[in-house]
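[1] only geometry, no sequence info:
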């Protein structure tokens, strides 16, 4: 059996779901240990939740709760230690309990780095940063496999891992169809994801509220900006707040938009290396994304002409939407779908079949 560790509730979590789907198709036994921060979910045969309530994006204020979550992971890993042989630890938030199980019980570890911790958390205090990087050095040397989500992110790692795989955040959607509902009277913008700062959310809300006759925003997700999103939706009929939705429902929202918001402001160092699901989801759905100039995802978007890049000010965002046309949006969408069919359609299945599942069965 394999145990997957995640410091969110995993509902939805498109990257985690790819592994789970592969395990289920292979009839390989698994369990998930996750953190239900809102108390919404019940334990199942496959998923056990830590129930301490907490907000996303709350930084050091969550430190006590994060320690509690790690204690929960250690207890569960000890309880089930005779049933599993591999631990799949998602991000730095879960890797330390996995390392302990390897040192004391010789468990194998897959260390899946969704985001490089010191950059994604804006850790600027020198001694704290160096201490975490020292721990990361140990993590990368002890883990049997390290997985990152883009080749470019190799530059962030503080050392060369024992074994390195790259699995981009590509949706595994061969079995899904999303029907377009037709053209819209206004430009329909979508955002599905975590509501955090430096992702353009505040600016897009203001843009739609300032121009209700021109734009419509479908927004879904959760996070620290939920009160702001909810308030904007109540005051502006062209902002539709869907709450937290299933991954498939989120894809449906994006599929029926004209453009997907995927902004990653460079005030967060990790955003330069952003590897958003939305880049690949936009390709698959044939919908162009709008992202940030000067990021790796922005460069790929420009090179392949599958979407648009914009600066980080409200004026630049406003100027972009003033000049965009439906014809250009449609052409970029066609380019996106062609890129998907040519390069990425079978990528996830090949990764699971050729790397992930063989590693699991050997161990």
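    Ah, there it is. In this text the structure is predicted, and so the values were computed from the model without any measurement.
[2] From here on, just use CA atoms for contacts and neighbour counts.
    OK.
[3] can you pull the buried residues of the helix-or-strand element of the chain with minimal mean pLDDT?
    Every helix and strand of the chain was ranked by mean pLDDT, DSSP states H and E. The lowest is helix 117-120, at a mean of 74. Neighbour-count burial for helix 117-120 flags 117, 118, 119 (criterion: 16 or more other Cα atoms under 10 Å).
[4] Provide the contact partners of it at residue level.
    91, 92, 129, 132, 133, 268, 269, 270, 271 (Cα atoms under 8 Å, 6 or more residues apart in numbering).
[5] ok, the residues you listed vs residue 13, which is closest?
    residue 91 (13.2 Å; Cα to Cα).
[6] Just give the nearest non-adjacent residue to the closest one, would you?
    Closest residue to residue 91 apart from its sequence neighbours, by Cα to Cα, 6 or more residues apart in numbering: residue 113 at 4.7 Å.
[7] I'd guessed that neighbour sits against residue 146; true?
    Yes: between residue 113 and residue 146 there is a contact under Cα atoms under 8 Å: 7.3 Å.
[8] These two: who's more crowded?
    residue 146 (23 against 18; other Cα atoms under 10 Å).
[9] Please settle this for me: is the more buried one part of a strand?
    Yes: assignment of residue 146 by DSSP: H, G, I helix; E, B strand; the rest coil places it within a strand.
[10] Can you show me the strands along the stretch 51-200 of the chain?
    Ranges of strands in the stretch 51-200 of the chain, per DSSP state E, counting those that start in this stretch, are 86-90, 108-112, 145-148, 164-166, 187-194.
[11] Which residue, neighbours along the chain excluded, lies closest to residue 132?
    Residue 132's closest residue in space is residue 118 (Cα to Cα, 6+ apart), at 7.2 Å.
[12] Check the spacing between the one you found and residue 146 real quick.
    Distance of residue 118 to residue 146, computed by Cα to Cα, to the nearest Å: 17 Å.
[13] try residue 135
    14 Å.
[14] again, but for residue 264
    Taking Cα to Cα, one finds residue 264 at 24 Å from residue 146.
[15] quick one, what contacts the closest residue to residue 133 other than its chain neighbours?
    Excluding the flanking residues, the one nearest residue 133 by Cα to Cα, 6+ apart is residue 158, at 6.8 Å. By Cα under 8 Å, 6+ apart, residue 158 lies in contact with 133, 136, 137.
[16] and the first one, how many neighbours does it have?
    When neighbours are defined as other Cα under 10 Å, residue 133 has 18 of them.
[17] Relative to residue 39, how far out is it?
    On the measure of Cα to Cα, residue 133 and residue 39 end up 32 Å apart.
[18] can you check the last one too?
    Taken as Cα to Cα, the spacing of residue 137 relative to residue 39 amounts to 34 Å.
[19] ok so, going back, identify the residues contacting the residue nearest to residue 91.
    Contacts of residue 113 (Cα under 8 Å, 6+ apart): 90, 91, 92, 146, 147, 148, 149.
[20] Look up which residues are beta-bridged to the first one.
    In this case it means residue 90. residue 112 (DSSP bridges).
[21] hang on, the earlier thing: please convert the contacts of residue 158 to a markdown table, extending it with distance to residue 246 and pLDDT.
    Supplementary listing: the contacts of residue 158 in a markdown table, determined by distance: Cα to Cα, whole Å; pLDDT from 0 to 100:
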| residue | distance to residue 246 | pLDDT |
| --- | --- | --- |
| 133 | 35 | 90 |
| 136 | 32 | 94 |
| 137 | 35 | 95 |
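[22] taking those residues one by one, which sit in helices?
    133, 136, 137 (DSSP state H).
[23] out of those residues, who's nearest residue 3?
    Relative to residue 3, and with distances defined as Cα to Cα, the nearest of the ones in helices among the contacts of residue 158 is residue 136, at 20.8 Å.
[24] How many neighbouring residues does that closest one have?
    Neighbour tally, residue 136, other Cα under 10 Å: 21.
[25] what do you get for residue 156?
    Counted with other Cα under 10 Å, residue 156 comes out at 14.
[26] That'll do, ta.
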